[in-house]
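S.K.: what shape does this take:
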Amino acid sequence: MTTPARISRSASMTKGEPPTWSAPAGEIVGRRDGDVLRAGGIRYARAARFAPPVAEAPVDRIDATRMSPACPQPRVEFLEEVLGLTPGELPFDEDCLRLSVTVPADSTADESLPVMVMIHGGSYVSGAGDLEIYDPGALVTEQRVVVVRVTYRLGLLGYLGDGSTRPANLGLLDQIAALRWVRTNIGAFGGDPDEITLFGQSAGGDAIAHLMIAEGTEGLFRRAIIQSPPIGVMPGRSAMTDAMMHLAQSLTDETDIEDVLAAQPSVEPSVARHGMSAGMPFGVQYGHHPLPAEEDLDAAWSEAAERVDVLIGSTDREASLFIAKALGGRALGPWAAPFVRRVGHALTERIYGRGVLAFAERHHAAGGRGQRYLITWGVPGNPYAGAHTIELPLLQGELATWRDAALLAGVDPDDFERSGRRLRQIFADFARTGDVGVISEPGLIEVRELPVD
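M.R.: I've put the predicted structure just below:
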């Protein structure tokens, strides 16, 4: 493995000049943005459609003054409403294997800061690393960490293959290529290549759990913050995936991208036929490079336990997000409260709770360090209180960034600021030490040591 670079400051790092980092990848020219320095749109690899990523070769100079484009994807209007997303915020480009780096503007040459690498969520079909709602500025400045955001392939482009005519797990391979870039180059930004923590929510958390056991990832990261992984719907998907692949066979590397996106909904299976797994039909495929067969998963995660510290958890009302979607995105009035409580609790346990608990207990039994958390924060009276994604605005972005999000309708700005600052501290403390101990803060988070009684 290439020796990670240490930070190198040039004369152009002086005030008034664009920041420049001398890295193995090349001279990277970024931009100043208040209390942080940003380097965006950095290509970590290239890939033809339906082909594995190829690491980007070093160049003399990298213009890192733009945001990373998003992988082409169909609109998800419900999430746009809940998260306050702006359609078209980032351009779509199949050449999306990019990452961004954010560092404190006042970092010094002798600092070696913890690195936090974000893998975004979105059911493996939507999202992008550089969306404004994922802005890590507050996390970086308050906690003095380096944050890397990764964009990777989604949906039909990244998560459906038969392993012969079309490789499987391309999105996961993209993420591995990004982590290799980070391990090699992050020292140039003042990050410690031996203190890399992955963090991600939903599909991002699921991806991180599988990066722990993917071939070729040993030594690329030390810790993992696994947020609301849908572990309960991941096993036993091979028949569903085979049916999806059969429907997608006519799509080739010559098919117009708009036709690929238009075809994606027709490839997705029905819940009636395939159960809750069809609620997130795209995802990793076991038994295909770089993942072990499904029957070998427990052994693989047990083997990884001693080399990766884990903080894993969920929110207390994950499923209320999906119940609202099933009801058309309408606010849930008093008439729906008993239904939401009963069905929401059952679905939360089925999709998230049991799997998170089993993962945490196996990790501990195999000799791994870690804690399990439960986030209980939310806006009182808001139907999304405690819902899936509720921690995202606390961890990243400012309140102004989330002003149009139904998730935060009616929020108290002071509570938002106070709760966000505390949650960012907890996550960053784990990135620094791998152990945040027992925490009990009603209305925000509970953290328990393993094993969990």
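
S.K.: check the offset of the longest strand seen in the chain from the chain's centre.
M.R.: Counting residues, the longest strand found in the chain (DSSP state E) is strand 191-201. Centroid separation for strand 191-201 versus its chain: 12 Å, with Cα atoms, centre = their mean, to the nearest Å.

S.K.: next one: stretch 271-282
M.R.: 21 Å.

S.K.: could I have the CA atoms of it written out in CSV?
M.R.: Provided in CSV are the C-alpha atoms of stretch 271-282 (Å, rounded to 0.1, in the frame of the first residue of the first chain):
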residue,chain,number,x,y,z
VAL,A,271,-43.7,-6.0,-1.9
ALA,A,272,-46.7,-8.3,-2.3
ARG,A,273,-44.4,-10.9,-4.0
HIS,A,274,-41.1,-10.4,-2.3
GLY,A,275,-42.0,-9.0,1.1
MET,A,276,-40.2,-6.2,2.9
SER,A,277,-37.0,-6.8,1.0
ALA,A,278,-38.7,-5.2,-2.0
GLY,A,279,-38.9,-2.0,0.0
MET,A,280,-35.2,-1.6,-0.7
PRO,A,281,-34.7,-3.8,-3.8
PHE,A,282,-31.2,-2.5,-4.7
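
S.K.: tell me where the stretch 201-350 of the chain has helices.
M.R.: Counting by DSSP state H, counting those that start in this stretch, the stretch 201-350 of the chain has helices at residues 203-211, 238-248, 257-267, 271-274, 297-304, 320-326, 337-348.

S.K.: tell me which of those helices sits nearest to residue 76.
M.R.: helix 320-326 (9.8 Å; Cβ to Cβ). Quick note: C-beta positions are derived from backbone N, CA and C, even for glycine.

S.K.: out of the helices of the stretch 201-350 of the chain, which is the most enclosed?
M.R.: Across those, averaging neighbours per residue (mean count of other Cβ atoms under 10 Å) puts helix 203-211 on top, at a mean of 26.

S.K.: check which helices and strands that one sits against.
M.R.: The contact analysis (3 or more Cβ pairs under 8 Å, 6 or more residues apart in numbering; DSSP states H and E) places helix 203-211 against strand 113-119, helix 170-185, strand 191-201, strand 223-227.

S.K.: between those, which one is closest to residue 58.
M.R.: helix 170-185 (9.6 Å).

S.K.: between strand 191-201 and that closest one, find me the angle.
M.R.: Between helix 170-185 and strand 191-201, the angle comes out at 160 degrees (axes from the mean of the first three to the mean of the last three Cα atoms, to 10 degrees).

S.K.: can we start the residue count at 824 from this point?
M.R.: Sure, I'll start numbering at 824, so the last one becomes helix 993-1008.

S.K.: buried stuff in helix 993-1008?
M.R.: By 16 or more other Cβ atoms under 10 Å, the buried positions in helix 993-1008 come out as 993-1008.

S.K.: output it as PDB, nothing but the C-alphas.
M.R.: Taking C-alpha atoms only, helix 993-1008 is exported to PDB below (Å, rounded to 0.1, in the frame of the first residue of the first chain):
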ATOM      1  CA  LEU A 993     -20.200  -1.900  -8.400                       C
ATOM      2  CA  GLY A 994     -21.300   0.800  -6.000                       C
ATOM      3  CA  LEU A 995     -19.500  -1.000  -3.200                       C
ATOM      4  CA  LEU A 996     -16.300  -1.300  -5.300                       C
ATOM      5  CA  ASP A 997     -16.600   2.400  -6.000                       C
ATOM      6  CA  GLN A 998     -16.500   3.000  -2.200                       C
ATOM      7  CA  ILE A 999     -13.500   0.800  -1.800                       C
ATOM      8  CA  ALA A1000     -11.700   2.800  -4.500                       C
ATOM      9  CA  ALA A1001     -12.600   6.000  -2.700                       C
ATOM     10  CA  LEU A1002     -11.200   4.600   0.600                       C
ATOM     11  CA  ARG A1003      -8.000   3.700  -1.000                       C
ATOM     12  CA  TRP A1004      -7.700   7.300  -2.300                       C
ATOM     13  CA  VAL A1005      -8.400   8.600   1.200                       C
ATOM     14  CA  ARG A1006      -5.800   6.300   2.800                       C
ATOM     15  CA  THR A1007      -3.100   7.400   0.400                       C
ATOM     16  CA  ASN A1008      -3.900  11.100   0.200                       C
END
